[in-house]
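In: just a sequence and a predicted model for now, questions to come.
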Amino acid sequence: MTELAYLADEASAYTREFTATVVALPPGGVVLDRTYFYPVGGGQQADHGTLGRPGEPRYSVVDVTKSGSSAVHRLRKPPGPAPPVLQVGQEVAGSLDWERRHRHMRLHTGQHLLSALVFQRTGVRTREATMSGSSGIVDLEGPLPPGLPVDVLAEATNALLREDRRVSIRHVSRQEWEQHPTARSGLVPLPRHVDPVRIIDIEGIDACPCGGTHVRATGEVGAVALDPPVPLSLGAVRLPFRLSDGASPSRPG
Ligand SMILES: [Zn+2]
C-alpha cells in the first residue's frame, strides 16, 4: 500500500522533493511506502520526475499508475552514468517535474471553476473532464443555451479567476457530503466505499469531491481560453479549454 501524501492538505500538493522507502519492485516498476507523484487518473495525467538513491544518479520517472492500493512508478535509465539498482527496504529520494505538475494543478482548478459556472448558470452538469499538456476538455451532459455564448462564459470564468478566491481541501463524512447542495451537480456517482469524502472548495463558488491536485487560489491558474463547443452523441457537448498565458505563476510551498 502506498500513502498518497499529496492528498493530505493544500500544502501537500506543493511538495516537490521527498524521501520514501521502497516496499516492492513489481516488473518494470517501483512501489514506495509513500509518494508525492500523482498516479494517472480522474482526468489528470501522471507526474514525471526523478527517483533514486540519495547522492547517486537517479532514474527518470516516466509514468505512475495505481494498482490496487499501490502507486507504481515506472522508471527509465537516463543518459549518462547508470543509477544503482534499487532494492526493497532502501530509502530513495523523489523529485517532481514541477513545471508539468503545476500546469496540471492550474488546469484542474480551472476546470472545477468552469464546470461550476456552467452548472450554476445553466443547470448543465459535467460528465467527465480530462487534461493534458496546457489544455483540457469538459464533456457536458447537454448544450450551452444560446444565452450563454462561449466568449461570455470565458469572460465570466476569467473574472472569477482574477478574484483570486481561496481553494481549500476538507475531508467530510459521506453522510455530511450527501446533504451538501452541490452533491448532485456531477453526473458520475461517487463509488459507495468512498467515506470520508475529499472536498475541494473554491471559496463561495463550488464544492466538489476530487482526488486530484489543485492550486491554493484561483489567481494562480492565470487566464483560460475556451474554444467552440463540439457536439457529441446523445446531445452531449465537449467544451475545450486551455491555459491562455504562457507564464506559470508558481507559488512554491
Ligand atoms: Zn479536482
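Out: Noted; the coordinates are in hand.
In: from the ion, how far off is residue 224?
Out: Distance from residue 224 to the ion, counting by Cβ to the ion, to the nearest Å: 15 Å. Where you see a C-beta, it was placed from the backbone N, CA and C, and this is true even at glycine.
In: before we move on, which element is residue 21 in?
Out: Residue 21 is part of strand 17-24, with elements assigned from DSSP states H and E.
In: what's that strand in contact with?
Out: Here strand 17-24 makes contact (Cβ atoms under 8 Å, 6 or more residues apart in numbering) with 2, 5, 30-36, 54, 70, 86-96.
In: ditto for stretch 99-108
Out: Residues outside stretch 99-108 that contact it (Cβ under 8 Å, 6+ apart): 13, 16, 38, 43-45, 47-48, 131, 133-136, 210, 212-215, 220-222, 243, 248, 250.
In: change it to 6 Å
Out: For stretch 99-108, the surrounding residues in contact (Cβ atoms under 6 Å, 6 or more residues apart in numbering) are 44, 47-48, 131, 136, 212-215, 221, 248, 250.
In: now it: buried residues?
Out: For stretch 99-108, burial by neighbour count (16 or more other Cβ atoms under 10 Å) applies to 100-108.
In: try stretch 33-52
Out: The neighbour-count check on stretch 33-52 (16+ other Cβ under 10 Å) flags 34-39, 42-52 as buried.
In: among these, which ones are in strands?
Out: Applying DSSP state E to these, the entries found in strands are 34-35, 49-52.
In: so what's residue 49 bridging to?
Out: Beta-bridge partners of residue 49, counted by DSSP bridges, are residue 61, residue 96.
In: touching, it and residue 98? I think so.
Out: No - Residue 49 is beyond contact range of residue 98, at 8.3 Å (criterion: Cβ atoms under 6 Å).
In: ramachandran coordinates for residue 78?
Out: Backbone geometry at residue 78, expressed as degrees, to the nearest 10, gives phi -80, psi 170.
In: so it versus the ion, what's the distance?
Out: Using Cβ to the ion, residue 78 is found at 31 Å from the ion.
In: so that residue makes contact with residue 58?
Out: No - using Cβ under 6 Å as the test, residue 78 is too far from residue 58 to be in contact (7.3 Å).
In: so those two - more neighbours on which side?
Out: A side-by-side neighbour count of residue 78 and residue 58, using other Cβ atoms under 10 Å, places residue 58 first with 21 against 14.
In: could you find the closest non-adjacent residue to that one?
Out: For residue 58, ignoring the flanking residues on the chain, the nearest one in space by Cβ to Cβ, 6 or more residues apart in numbering is residue 52 at 3.1 Å.
In: could I get the contacting residues of the one you found?
Out: By Cβ under 6 Å, 6+ apart, the contact set of residue 52 is 58-59, 83.
In: which one of those is nearest residue 167?
Out: residue 58 (31.6 Å; Cβ to Cβ).
In: looking at the protein, what residue ends up closest to the ion?
Out: The minimum distance from the chain to the ion, using Cβ to the ion, falls at residue 210 (3.2 Å).
In: tell me how far that residue lies from residue 194.
Out: Relative to residue 194, residue 210 is positioned 11 Å away (Cβ to Cβ, to the nearest Å).
In: higher neighbour count, these two?
Out: Neighbour count, other Cβ under 10 Å: between residue 210 and residue 194, residue 210 has more, with 20 against 13.
In: pLDDT wise, what is the more buried one at?
Out: The per-residue pLDDT reported for residue 210 equals 93.
In: how about residue 54?
Out: Note for residue 54: predicted pLDDT of 95.
In: how many neighbours does the closest residue to residue 82 other than its chain neighbours have?
Out: Distances taken as Cβ to Cβ, 6+ apart place residue 57 nearest to residue 82, at 6.9 Å, with adjacent residues excluded. Neighbour count of residue 57, defined by other Cβ under 10 Å: 14.
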